[in-house]
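[1] Prediction below, plus the sequence it came from.
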Amino acid sequence: MIKTVVPVLIAGLVVAGCARFQPRAEAPEPLTGERLKERPLTGPGIKADILYLLLSAELAGQKGQYPLALQYYLQVADKVPDAWVAERAARIALYLQDYDKADQAVKLWLERAPDSPAAHRAALRLALQRNRIEAAVSHFVRLLQLTPEADRSAVLLDILRFMDRKVSKDTALTVMAQVSRRFADSPEVLYAHALLALHHGKTRLALDRITRALALRPDWEKLRVLQSRLLVQLGEAGKARQVLAELVRKNPDNLQLRLLYAQLLLKQEAFAEAEKQLRRILRRQPDHPDALYAYALVNLRKGDDAEARKALMRLLKQPKWRSEAYYYLGRIAQQHRKVEEAIRWFDKIESGSLVFDARLNAALALAQSGRIDEALRRLERLADRYPPRRLQIYLIRAEILTRAQKYQAAFETLSEALADFPADPDLLYARALVAEQMGNPHQAIVDLRAALEKRPDDPHILNALGYTLLEYGGSLEEARELLEKAIRLKPDDAAVLDSYGWLQFKLGNLSEALTYLQRAYAENPDLEIAYHLGEVHWAMKQYDKAREIWRRGFEEGKGDPRWQKFFQKVRDRLNP
């Protein structure tokens, strides 16, 4: 069955603009002479002199001489009490990130327009950037008081975006917590606090804020959607499913909510119910791109390649998911060993995040069909195009060569890789496995010990070293210590269960060996596990069971390069 990646549609809750993007503030729009004359000017100064300074400031700004423009505007702001002059100076200072002069200008602006939301917003931003908690809270509170309730969400969203770009985590959370306490009866503020908490990994705090907001406004859809996401993150997927199911029930015509619900069902592998929800969306909007893509994924996960392919073919008309459609159409063709078709689909992806995976799968499709040299040439081109992925490509190249039983070439590839990436544990582990296949257990043990030094708690390395020692006359006590640690770390892994069961067999603990090897075989009826399990039954004088397991293993394991090795060990015992 093809492994799929479920798109995270629920994740677009925090904000499109809360990505880590730090643009500089926009330069203030220039004012022409005529527009300056229209601006009110009061105070004792001579108007012509003031106008001259303002014109000089604007000319300086038009030439990009913003520090000079700021100097002129601050001179005028000292002479006239008009709020717009102080505002202009503040915006230029903020653009220049000259926070001392911004402080001066914002202070004048607030003195002249104490109830201006724009002035308090500027003061809030300045206080946040300078980590002035008390001032930030004061201006935040006043800004919300001056903002009509209908506009609060937009103002809060703007502040969250600013915090994400410019403000430290601790300052942002401290300020928002204090404002949230002052506006404990505002679901909008509580929702904003939840978003900020979630953004900084404070999931339980976010859920607490959402719970309080829901007590104030239980029918606000945004709150319920975010609640479901938080519950998923906290491992309470069942509750999240109930929340979205109820939301969909109350809003049957809201296709976006239904899609979110279907996505959650897909993640929970409730494929039948997910498909039912997606069919309802597609009946209403047959070309809904997100629903079509999710529908294709559901069927891929169910193993219904034909139905998935129909959806993916329809999705080719939709630019949003076209690359994904190409990719999964390629995977379907690859799975059905239609190599040329798979490569055609994969090669259609020319840009985006799937290019590497598509090119890699094209090479693997060639290798699976026996066209090893073509596969390796593709991998060489891929390594040239993606230098940061060279380590991964080395490992895949070695895997292709190993599967083709070209062990010497695989060993040389991994040795070359280790020259580029010295002592890399993945490369050492891979080379050890190849060395064992080549009949060089000493090299395998040397590489596995080196890998274990890098990753002392890696259950796969522990298992491989323990099993190799067990098989090739190493210290039984060392093998036992390694395998006991491996099984503590990975108690349900078939390979680890097999090794540990084989250890118990070597120690003479047949009953315990049988338990572990039966579990391993149930997880993965691999040829080697079948051989081990049969040996335990044979030692327990359960000859018919041993023969049955061996025969099944050899029948199902045809084509496995280890077939001959294990067949030689038991062929004299296969017949009564």
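    Happy to help now that I have it.

[2] Can I get the helix or strand where Gly238 lies as PDB, trimmed to CA atoms?
    Using DSSP states H and E, Gly238 sits in helix 237-250. Provided in PDB are the C-alpha atoms of helix 237-250 (Å, rounded to 0.1, in the frame of the first residue of the first chain):
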ATOM      1  CA  ALA A 237      -8.000  12.900  18.800                       C
ATOM      2  CA  GLY A 238     -11.300  11.300  19.800                       C
ATOM      3  CA  LYS A 239     -12.500  14.500  21.500                       C
ATOM      4  CA  ALA A 240     -11.300  16.500  18.500                       C
ATOM      5  CA  ARG A 241     -13.400  14.300  16.200                       C
ATOM      6  CA  GLN A 242     -16.500  14.800  18.400                       C
ATOM      7  CA  VAL A 243     -16.000  18.600  18.300                       C
ATOM      8  CA  LEU A 244     -15.800  18.700  14.500                       C
ATOM      9  CA  ALA A 245     -18.600  16.100  14.000                       C
ATOM     10  CA  GLU A 246     -20.900  18.300  16.100                       C
ATOM     11  CA  LEU A 247     -19.800  21.400  14.200                       C
ATOM     12  CA  VAL A 248     -20.500  19.800  10.900                       C
ATOM     13  CA  ARG A 249     -23.900  18.600  12.200                       C
ATOM     14  CA  LYS A 250     -24.800  22.200  13.100                       C
END
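
[3] report the angle between the axes of the next helix or strand after it and helix 237-250?
    Following helix 237-250 in sequence order, the next helix or strand is helix 255-267 (DSSP H and E). Per axes from the mean of the first three to the mean of the last three C-alpha atoms, to 10 degrees, the angle that helix 255-267 makes with helix 237-250 is 150 degrees.

[4] Mind listing what's buried along helix 255-267?
    For helix 255-267, the buried set under the neighbour-count rule, 16 or more other C-beta atoms under 10 Å, comprises Leu255, Leu257, Arg258, Leu259, Leu260, Tyr261, Ala262, Gln263, Leu264, Leu265, Leu266, Lys267. Backbone N, C-alpha and C define where each C-beta goes, glycine included.

[5] just checking, next helix/strand downstream of that helix?
    helix 271-284.

[6] Now do that following helix against helix 255-267, angle only.
    With the same axes, to 10 degrees as the basis, helix 271-284 and helix 255-267 are set at 150 degrees to each other.

[7] and helix 271-284, what other elements does it pack with?
    Judged by 3 or more C-beta pairs under 8 Å, 6 or more residues apart in numbering; DSSP states H and E, the packing partners of helix 271-284 are helix 255-267, helix 289-302.

[8] Which positions in it come out as buried?
    Buried residues in helix 271-284, defined by neighbour count with 16+ other C-beta under 10 Å: Phe271, Glu273, Ala274, Glu275, Gln277, Leu278, Ile281, Leu282.

[9] Quick one: list the elements packing against the strand or helix carrying Ala520.
    Using DSSP H and E, Ala520 maps to helix 510-523. Counting contacts by 3+ C-beta pairs under 8 Å, 6+ apart, helix 510-523 is packed against helix 494-507, helix 527-539.

[10] how about those, which one is nearest Ala333?
    helix 527-539 (28.4 Å; C-beta to C-beta).

[11] Just after the closest one, pick out the following helix or strand.
    Moving toward the C-terminus from helix 527-539, the next helix or strand (DSSP H and E) is helix 543-556.

[12] what about that next one, distance to the chain center?
    Relative to its parent chain, helix 543-556 has a centroid offset of 44 Å by C-alpha atoms, centre = their mean, to the nearest Å.

[13] counting contacts, what elements does it pack onto?
    helix 527-539, helix 563-570.

[14] right, and those - which one's nearest Ala294?
    The closest of the helices and strands packed on helix 543-556 to Ala294 is helix 527-539. By C-beta to C-beta, the value is 37.0 Å.

[15] Of the helices and strands packed on helix 543-556, which stretch is the most buried?
    Here the criterion is mean neighbour count by mean count of other C-beta atoms under 10 Å, and of the helices and strands packed on helix 543-556 the winner is helix 527-539, at a mean of 22.

[16] which residues are contacting that helix?
    With C-beta atoms under 8 Å, 6 or more residues apart in numbering as the test, helix 527-539 has contacts from 494, 498, 501-502, 505, 510, 513-514, 517-518, 520-521, 543, 545-547, 549-550, 552-554, 556-557, 560, 562-563, 566, 569-570, 573.

[17] and the angle for that helix with helix 543-556?
    Put simply, helix 527-539 runs at 170 degrees to helix 543-556, going by the same axes, to 10 degrees.

[18] quick revisit: averaging pLDDT over each of the helices and strands packed on helix 510-523, which comes out lowest?
    Lowest mean pLDDT of those: helix 527-539, a mean of 92.

[19] follow-up on the earlier one: okay if I get the helices and strands packed on helix 543-556 as JSON lines plus distance to Ile487?
    Listed next are the helices and strands packed on helix 543-556 as JSON lines, based on distance: least, C-beta to C-beta, whole Å:
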{"stretch": "helix 527-539", "distance to Ile487": "15"}
{"stretch": "helix 563-570", "distance to Ile487": "23"}
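
[20] Identify all contacting residues around stretch 542-561.
    For stretch 542-561, the external contacting residues (C-beta under 8 Å, 6+ apart) are 405, 437, 521, 525-527, 530-531, 533-535, 537-538, 563, 566-567, 570, 573-576.

[21] Run the chain-centre distance for that stretch.
    Centroid separation for stretch 542-561 versus its chain: 42 Å, with C-alpha atoms, centre = their mean.

[22] what is the mean pLDDT for that stretch?
    For stretch 542-561, mean pLDDT is 84.

[23] circling back to that earlier point, which one of the buried residues of helix 271-284 sits closest to Arg322?
    Nearest to Arg322 out of those is Leu282 (C-beta to C-beta; 18.0 Å).
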